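Chemist: Any chance you can model this:
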Amino acid sequence: MCFNYNVHIGAINRIEIGDRVLVGSNVLITDHDHGDTKRESLLIPPMRKAHVSKGSVLIGANSVVGGKNIPDYCVVAGNPARIFQR
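Modeler: Numbers count the residues shown, from 1 in each chain. As a prediction, the model looks like this:
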């Protein structure tokens, strides 16, 4: 495993990173967020919001995801990366 600069991993449930994985710079890997995006909710500072699990995150080697907008809640793998499951 190799992590480049400015990698942030935040887990409240599970994040699994496989063998031979390289993670580039400025990457965020997380299995949670701070709730919804309703206007009232956005006015509350993140530190005061409960964490909401979005499920487990599994990361495997030989996938290249770069400069792409990947939809939420999907499985992406390959080189170049493509969406396998939505």
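
Chemist: For the residue most central in space within the chain, pull up the helix or strand it's in.
Modeler: Ranked by distance to the mean C-alpha position of the chain (Cα atoms, centre = their mean), the top residue is Ile29 at 3.5 Å. Using DSSP states H and E, Ile29 maps to strand 28-30.

Chemist: Which other helices and strands does the helix or strand following that strand contact?
Modeler: Using DSSP H and E, the helix or strand that follows strand 28-30 towards the C-terminus is strand 32-33. When contacts are defined as 3 or more Cβ pairs under 8 Å, 6 or more residues apart in numbering; DSSP states H and E, strand 32-33 packs onto strand 52-53. Backbone N, C-alpha and C define where each C-beta goes, glycine included.

Chemist: Three-state assignment for the residue of the chain positioned farthest from its centre, please.
Modeler: Relative to the mean C-alpha coordinate of the chain, counting by Cα atoms, centre = their mean, the farthest residue is Glu40 (24.8 Å). Put simply, Glu40 is helix when judged by DSSP: H, G, I helix; E, B strand; the rest coil.

Chemist: Let's test this: mean pLDDT of the strand holding Ile29, rounded?
Modeler: Mean pLDDT, computed over strand 28-30, is 88.

Chemist: hang on, the earlier thing: what distance do you get for the residue farthest from the centre of the chain to Lys49?
Modeler: Using Cβ to Cβ, to the nearest Å, Glu40 is found at 11 Å from Lys49.

Chemist: helix or strand for Glu16, which one?
Modeler: strand 15-17.
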